[in-house]
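>>> structure, please.
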Amino acid sequence: MKDAARIEAFLEMMSAERGAAQNTLASYRRDLDDAAGAIEGGVTQADTAALRAYLKKMAACGFAASSQARKLSALRQFFAFLYAEGLRADDPTGTLDSPRKKTALPNVMSEAETSRLLDRAAAEAANPELSDADAVAALRLHALVEVLYATGLRVSELVALPVTVAQRSDRFFMVKGKGGKERMVPLSAKARAAMQDWLEVRNKQAGFEASPFLFPAASKTGHLARQVFARDLKSLAARAGISATKLSPHVLRHAFASHLLQNGADLRAVQQLLGHADISTTQIYTHVLEERLARLVNEHHPLAD
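Okay, the predicted model is just below:
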């Protein structure tokens, strides 16, 4: 089938030339396969009218604007590939309008709430009355939350950190993010100390001392699962008196970015620290900058009330 062959060629290009991650490739495949099955005559030969009708049908079926936009993005890149390879003489997506998405502000913890969470994790890690198993779990969780808040890592990056990060005393380390791109992230003294405490216990756990991961686990990947950390984080939040429904690893990553901006960091610097390829992704935090600028004017302008 022509569609299947062209989609496969497109995915090979995205992997080889652009370093697209496996999750990204799988998402493109799903979206393009859906379009190929839904559009009469297939997706490769579809014209603008057929694509517009397909997207309209998605909207009628209740797909969120974000899902529609993702599908259109996949189609745009697919047809750009076909055009560049001489497999199409035109790009039928050129006049298609993107669905309007509501800009959702991220859930953000206050600095006071974040301090309460970290203090609770530290207190539990230092509790001498815990059983051996609970002490190991508490030390691991303390290291995880300290490192996440200090670095703003994606949860997938955090749980897969190599053990070498904790074996050095550097203030920064390199992390490989989406698409295999590397970036430098900071590491606070508290986060380094929490990692060292965890490392000492980790190395005594049977089967973990030889693992290449800082947070090893008896799992398919060899490291702690994101879902396990998310569950433990919610439990910690509840014990710290913070709504568990409000907190996730991603919310703590948002807290890292928002608190930096609130305290004077540059948006471009935060973009680099978060590993966002496009500044538009980081601009969800502009509300933080607006609040800071308003406060600056109100507090320091001679004519402010």
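
>>> where are the low-confidence patches of the stretch 201-305 of the chain?
277-305 (pLDDT under 70).

>>> try 80
Under the criterion pLDDT under 80, the flagged ranges of the stretch 201-305 of the chain are 264-267, 275-305.

>>> next: the stretch 51-200 of the chain.
Using pLDDT under 80, the flagged stretches of the stretch 51-200 of the chain are 98-108, 177-180.

>>> what are the boundaries of the helices in it?
65-84, 111-125, 132-151, 155-159, 164-167, 189-202 (DSSP state H, counting those that start in this stretch).

>>> doesn't residue 137 make contact with residue 121?
No: Residue 121 lies out of contact with residue 137 (CB atoms under 8 Å); the separation is 11.1 Å. Glycine gets a C-beta too; all of them are placed from N, C-alpha and C.

>>> quick check: bridge partners of residue 173?
Residue 173 forms beta bridges with residue 185, as assigned by DSSP bridges.

>>> burial of it, as a residue count?
16 (other CB atoms under 10 Å).

>>> what's near enough to touch it?
Contacts here follow CB atoms under 8 Å, 6 or more residues apart in numbering; on that basis residue 173 touches 165, 184, 185, 187.

>>> same thing with residue 46?
35, 39, 54, 92.

>>> just among the residues you listed, which is most surrounded?
Highest count within these by other CB under 10 Å belongs to residue 35, 25 neighbours.

>>> from what I can see that one touches residue 73, true?
No: using CB under 8 Å, residue 35 makes no contact with residue 73, being 12.0 Å away.

>>> for burial, what's the neighbour tally of residue 177?
Counted with other CB under 10 Å, the neighbours of residue 177 add up to 18.

>>> roughly how far apart are it and residue 261?
Applying CB to CB, to the nearest Å, the value for residue 177 to residue 261 is 20 Å.

>>> where along the stretch 201-305 of the chain do the helices fall?
Counting by DSSP H, counting those that start in this stretch, the stretch 201-305 of the chain has helices at residues 226-239, 249-262, 267-274, 279-282, 286-300.

>>> check the contacts of residue 173 and tell me the two furthest apart.
The span of these, defined through CB to CB, is set by 165 and 184 at 12.2 Å.

>>> so between the two, which is more surrounded?
With neighbours defined as other CB under 10 Å, residue 165 and residue 184 compare such that residue 165 has more, 19 against 10.
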